[in-house]
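K.L.:
fold the following for me, if possible:
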Amino acid sequence: MIEHEVPAPRPLLRRPEDGELIDVAGVAHFFRLTGEHTGGRFAFEEFTLEAGIVGARPHVHAEHDEYFYVLEGELTLHNGDGEVTVGPGHLLSAVRGTPHGFRNAGTGTARALCLYTPAGYEGYFRDVHAAVAAGAEVTDELLAEFRARYRTASH
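P.N.:
Sure, this is the predicted structure:
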């Protein structure tokens, strides 16, 4: 290969165990793809939350879209008009500027996928996780500070 040529992109196959696990406030975020893998185009995660856990109170993103797809259990989703409880196969599209949130109001574990486009919001989860690992308590103020860094506001 000539020195100035850039190699052609190659497909990336991820095994089931490949990913970055980030546990934040009772939600296990398993990022299968991050911006580092996709050139910043998108991030892809599988997340799990036990009964009674609030994944995210209603909020709005200014710079990325999120798509939630329920795999197992039930999620109670805030869809801008209120809450709706849904099961496997349901998809919520939360494009930038639309209020959304999720929690597990059911009695069993919920598992879902989330796609972020463009990538970058995985940094929010890394930052919160690092702060907690360093001894910070998860408070509304702490979360608001980190959300602001990623152009996200409570709704």
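K.L.:
gap between residue 92 and residue 85?
P.N.:
In this view, residue 92 and residue 85 are 12 Å apart by CB to CB, to the nearest Å. C-beta: built from backbone N, CA, C; applies to glycine.
K.L.:
quick one: contacts for the residue nearest the centre of the chain?
P.N.:
Residue closest to the mean C-alpha point of the chain, counted by CA atoms, centre = their mean, is residue 114 at 5.6 Å. Contacts for residue 114 (CB atoms under 8 Å, 6 or more residues apart in numbering) come out as 44, 45, 47, 66, 67, 68, 69.
K.L.:
closest one of those to residue 19?
P.N.:
Comparing those against residue 19 with CB to CB places residue 45 closest, at 7.9 Å.
K.L.:
buried stuff in stretch 142-149?
P.N.:
142, 143, 146, 147 (16 or more other CB atoms under 10 Å).
K.L.:
JSON lines please, covering these and showing secondary structure, pLDDT and distance to residue 154.
P.N.:
Formatted as JSON lines, these follow (DSSP: H, G, I helix; E, B strand; the rest coil; pLDDT from 0 to 100; distance: CB to CB, whole Å):
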{"residue": "142", "secondary structure": "helix", "pLDDT": "85", "distance to residue 154": "13"}
{"residue": "143", "secondary structure": "helix", "pLDDT": "84", "distance to residue 154": "9"}
{"residue": "146", "secondary structure": "helix", "pLDDT": "87", "distance to residue 154": "12"}
{"residue": "147", "secondary structure": "helix", "pLDDT": "88", "distance to residue 154": "7"}
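K.L.:
what's the most distant pair in those?
P.N.:
For those, with distances taken as CB to CB, the pair at the greatest spread is 142 and 147 (9.7 Å).
K.L.:
who touches both of the two?
P.N.:
By CB under 8 Å, 6+ apart, residue 142 and residue 147 have no common neighbours.
K.L.:
so for residue 85, what's the pLDDT?
P.N.:
The model reports residue 85 with a pLDDT of 94.
K.L.:
likewise the one 10 residues further on?
P.N.:
Model confidence at residue 95, expressed as pLDDT, equals 95.
K.L.:
local confidence estimate at the closest residue in space to it that isn't next to it in sequence?
P.N.:
Spatial nearest neighbour of residue 95, excluding adjacent residues (CB to CB, 6 or more residues apart in numbering): residue 65 at 4.5 Å. On pLDDT, residue 65 comes in at 96.
K.L.:
pretty sure residue 65 sits against residue 94.
P.N.:
Yes - with contact defined as CB atoms under 8 Å, residue 65 reaches residue 94; the gap is 6.7 Å.
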